[in-house]
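*Asks:* I would like the atomic coordinates for the input below:
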Amino acid sequence: MRRHPTTIVGKAPVKRPPAAPEESSLRRRATRQWFPYACARRAPREVAHAQGEHQHRNHLSLRKALFTRKRVITASAIALAVSAGLIVPAVVQSNNLQAQSVAETTNLSESTGLHKEQLAVYPRIAKARVDNVAQATLVHAHAVIDQSKSKTDVTKLSNAVAYLSNYNVLSAKLVVHMTETTNDAIASTAAAAAEADRIAAEQAAAAAAQAAAQLAAANTPDGARATARTLAASMYGWGDAQYQCLDSLWSKESGWRYDAFNGSSGAAGIPQALPGSKMASAGGDWQNNAATQIKWGLGYIAGSYGTPCAAWSHSQSSNWY
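*Replies:* Residues are numbered from 1 along each chain as shown. Reported below is the predicted structural model:
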């Protein structure tokens with residue numbers, strides 16, 4: 001005789017979702033096999049409770065069976081689609097995107113020196129690094145400005161420095177861009193300053209060469225005579241007559257040679273100063289510059305004799321002046 005579940009008074013019956021045809025068939029089969037033995041010697045309350053648990057377990061078993069069947073059907077459908085070539089492009093595209101993502105992550109890790117686990121904080125690390133580079137660039141730029149401002153135009157570099165000085169409020173990308181711009185301005189400014197130095201060095205070398213050539217020409221006897229004629233007229237107002245006396249005097253004393261030296265008396269130079277170091281009052285280059293010696297000699301004649309002709313007259317009478 002089949003027993004029916006007894007409803008407990010005061011307790012709402014357990015509501016179950018409506019079963020599918022297959023579920024109902026499986027549930028009836030399981031109930032016929034298990035329920036008579038489980039409920040043979042139980043009280044009505046226990047029988048109702050056991051029946052509820054039994055139905056719940058059957059429901060879970062049925063849901064599991066249906067889910068497994070759906071998975072099998074889905075797997076079969078995917079296998080058929082793959083064999084038919086319907087989803088291969090999507091799979092390939094997915095694999096390519098995954099490979100590209102892995103490659104980008106690897107490249108970023110290698111370029112930054114960070115582990116893959118550290119890439120989550122990479123933006124902050126990257127900003128700190130580009131800020132440090134910007135600081136070093138600013139130091140270099142200020143040094144170039146100080147060295148170049150007297151040689152070339154530094155407006156472009158100064159403007160780049162003014163913009164890059166706000167690196168702490170700029171994005172990392174903009175800081176990198178402005179650092180590159182500033183470095184370009186540093187290079188161009190330094191190149192312009194170097195060119196200015198080269199030109200200045202060439203001009204200085206040319207001036208030195210010209211001075212050396214003029215000195216060499218002035219140190220010859222003819223050059224010394226020309227210098228003496230010019231200085232005598234410009235410094236003391238002596239004309240050709242006085243110059244003729246001067247020419248005769250110093251031709252006798254030294255032959256107008258700036259390196260003339262009297263071994264017996266120690267007199268030196270074109271005017272035969274005794275000692276030769278007296279001529280240092282006219283210039284430190286008295287030993288190798290005829291013009292310096294001439295300036296001293298003209299001053300000596302003016303102070304001691306008044307004119308070259310008076311000095312020449314004394315030299316003729318006493319053999320010295």
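
*Asks:* pLDDT at residue 216, what is it?
*Replies:* Here the pLDDT value assigned to residue 216 is 89.

*Asks:* repeat for residue 172
*Replies:* pLDDT, residue 172: 89.

*Asks:* okay, and for the stretch 51-200 of the chain, where does confidence drop off?
*Replies:* Within the stretch 51-200 of the chain, the stretches with pLDDT under 70 are 51-122.

*Asks:* which parts of it are helices?
*Replies:* 88-112, 122-148, 155-164, 172-218 (DSSP state H, counting those that start in this stretch).

*Asks:* quick one, the shortest one and helix 172-218 angle?
*Replies:* Angle between the axes of helix 155-164 and helix 172-218 is 150 degrees (criterion: axes from the mean of the first three to the mean of the last three C-alpha atoms, to 10 degrees).

*Asks:* which strands or helices does helix 155-164 pack on?
*Replies:* Secondary-structure packing of helix 155-164 (3 or more C-beta pairs under 8 Å, 6 or more residues apart in numbering; DSSP states H and E): helix 122-148, helix 172-218. From N, CA and C alone the C-beta is placed, and that goes for glycine too.

*Asks:* among the helices of the stretch 51-200 of the chain, which comes closest to residue 251?
*Replies:* Residue 251 sits nearest to helix 172-218 of all the helices of the stretch 51-200 of the chain, at 17.1 Å, using C-beta to C-beta.

*Asks:* which is the next helix or strand following the closest one?
*Replies:* Next helix or strand after helix 172-218 toward the C-terminus (DSSP states H and E): helix 221-231.

*Asks:* in that following helix, what counts as buried?
*Replies:* Buried residues in helix 221-231, counted by 16 or more other C-beta atoms under 10 Å: 221, 223-225, 227-229, 231.

*Asks:* so which elements touch that helix?
*Replies:* Packed against helix 221-231 by the contact rule (3+ C-beta pairs under 8 Å, 6+ apart) you find helix 172-218, helix 240-253, helix 290-304.

*Asks:* C-alpha coordinates for the shortest one, PDB please?
*Replies:* Looking back up the chat, that one is helix 240-253. Coordinates of each C-alpha in helix 240-253 appear next as PDB, following Å, rounded to 0.1, in the frame of the first residue of the first chain:
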ATOM      1  CA  ASP A 240     113.200 116.600 -40.400                       C
ATOM      2  CA  ALA A 241     116.200 118.600 -39.200                       C
ATOM      3  CA  GLN A 242     116.000 117.100 -35.700                       C
ATOM      4  CA  TYR A 243     115.400 113.700 -37.200                       C
ATOM      5  CA  GLN A 244     118.600 113.900 -39.200                       C
ATOM      6  CA  CYS A 245     120.600 114.600 -36.100                       C
ATOM      7  CA  LEU A 246     118.800 111.700 -34.300                       C
ATOM      8  CA  ASP A 247     119.600 109.400 -37.200                       C
ATOM      9  CA  SER A 248     123.300 110.300 -37.100                       C
ATOM     10  CA  LEU A 249     123.400 109.900 -33.300                       C
ATOM     11  CA  TRP A 250     121.800 106.400 -33.100                       C
ATOM     12  CA  SER A 251     123.600 105.200 -36.300                       C
ATOM     13  CA  LYS A 252     126.800 105.900 -34.500                       C
ATOM     14  CA  GLU A 253     125.700 104.300 -31.100                       C
END
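
*Asks:* now it: average pLDDT?
*Replies:* For helix 240-253, the mean per-residue pLDDT is 96.

*Asks:* and that helix, what other elements does it pack with?
*Replies:* Packing partners of helix 240-253 (3+ C-beta pairs under 8 Å, 6+ apart): helix 221-231, helix 290-304, helix 308-318.

*Asks:* re earlier: could you provide the helices and strands packed on helix 155-164 in JSON lines, with additional columns for distance to residue 316?
*Replies:* Shown next, in JSON lines, are the helices and strands packed on helix 155-164 (distance: least, C-beta to C-beta, whole Å):
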{"stretch": "helix 122-148", "distance to residue 316": "64"}
{"stretch": "helix 172-218", "distance to residue 316": "28"}
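
*Asks:* among the ones you listed, which comes closest to residue 300?
*Replies:* Among the helices and strands packed on helix 155-164, helix 172-218 comes nearest to residue 300, with 19.3 Å by C-beta to C-beta.
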